[in-house]
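S.K.: Pasting the sequence and the predicted coordinates here, then a few questions.
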Amino acid sequence: MSENNQLRDVFAAIADPTRRRLIRLLAETEELPLHELTSQFPMGRTAVSKHLTILKEAGLVLDRRVGRETRFRLNASPLREIQDWVDFYRKFWSMNMLRLNQLLEEEEEE
Amino acid sequence: MSLSLSLDFQYTTSIEKAWSALTDSSKLAKWITENDFKPVVGHRFQFRHQPSEYWDGIVDGEVLIVEAPNRLSYSWATGDERHTVTWTLQDLGDGKVNLHLEQTGFSNAHGLEGAKYGWREWFGKFEKVLE
């Protein structure tokens, strides 16, 4: 459903609070190794790693090997899809609020 | 990162009139759509838009909070999407009122497909109304 061949839906990827927290942590820094990410969560390395895999499949996280460790970084561009989705509602309400303004103005004139 | 929409609008009116526009069914019909809304906690209602090939046009809701004239909240469900819409009204003085809208609970991609392909048509109609 996306241009860059994501394996996983970005909406599903951010549906989990741990994964949203991972995105936030990675957004605040250039790059982090797994052990530094793991230390932020009350769960094991394997669990955090599974969440990172889901984020990777959604195209939200990129990883690279440096020596014996894997470092992770954020790729925020798939979040654009969510932005577009929310924008739909923004547009819906903005148009309705214009009509509300007309209604309120008419009432003032009465 | 939470999926929510947050918007503010300012109007030249009284807070009572703004509240009435948000809660009176015949007024809602003028700026949202035909409906059977009542500002009564637990009341179930529908906003009925023009159906299209892709969307039945129905928004199902239930009133959650009624605190006249400051706060109103209801659920907002259509297709696979279930959201909560909350209005907060604030009297700014000088005959101005701020309307704050918060829509939370955005979820999945099925709704996105609907939005992309079907509801575009719906907006086309809205834009014509506003012209």
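M.R.: In hand now; what should we look at?

S.K.: C-alpha only now, for contacts and for neighbours.
M.R.: OK.

S.K.: Only the buried residues of the helix or strand containing A:Thr70, if you could.
M.R.: Element membership for A:Thr70 (DSSP states H and E) is strand A:69-74. Buried residues in strand A:69-74, counted by 16 or more other Cα atoms under 10 Å in any protein chain shown: A:Arg71, A:Phe72, A:Arg73, A:Leu74.

S.K.: now stretch A:95-105
M.R.: A:Met95, A:Asn96, A:Met97, A:Arg99, A:Leu100, A:Asn101, A:Leu103, A:Leu104.

S.K.: So which of those residues reach chain B?
M.R.: Contacts with chain B are made by A:Met95, A:Asn96, A:Met97, A:Arg99, A:Leu100, A:Asn101, A:Leu103, A:Leu104 out of the buried residues of stretch A:95-105, judged by Cα under 8 Å from any Cα of the partner chain.

S.K.: Can you name the residues of chain A that neighbour chain B?
M.R.: So far as Cα under 8 Å from any Cα goes, chain A lies against chain B at A:9, A:11-12, A:14-15, A:20-21, A:24, A:82, A:85-86, A:88-90, A:92, A:95-97, A:99-101, A:103-104, A:108.

S.K.: Who are the packing partners of the strand holding A:Thr70?
M.R.: Where contact means 3 or more Cα pairs under 8 Å, 6 or more residues apart in numbering or on different chains; DSSP states H and E, strand A:69-74 is packed against helix A:17-27, strand A:32-33, helix A:34-38, strand A:61-66.

S.K.: Can you list the strands that the second one pairs with?
M.R.: What it means is strand A:32-33. strand A:69-74 (antiparallel) (DSSP bridges).
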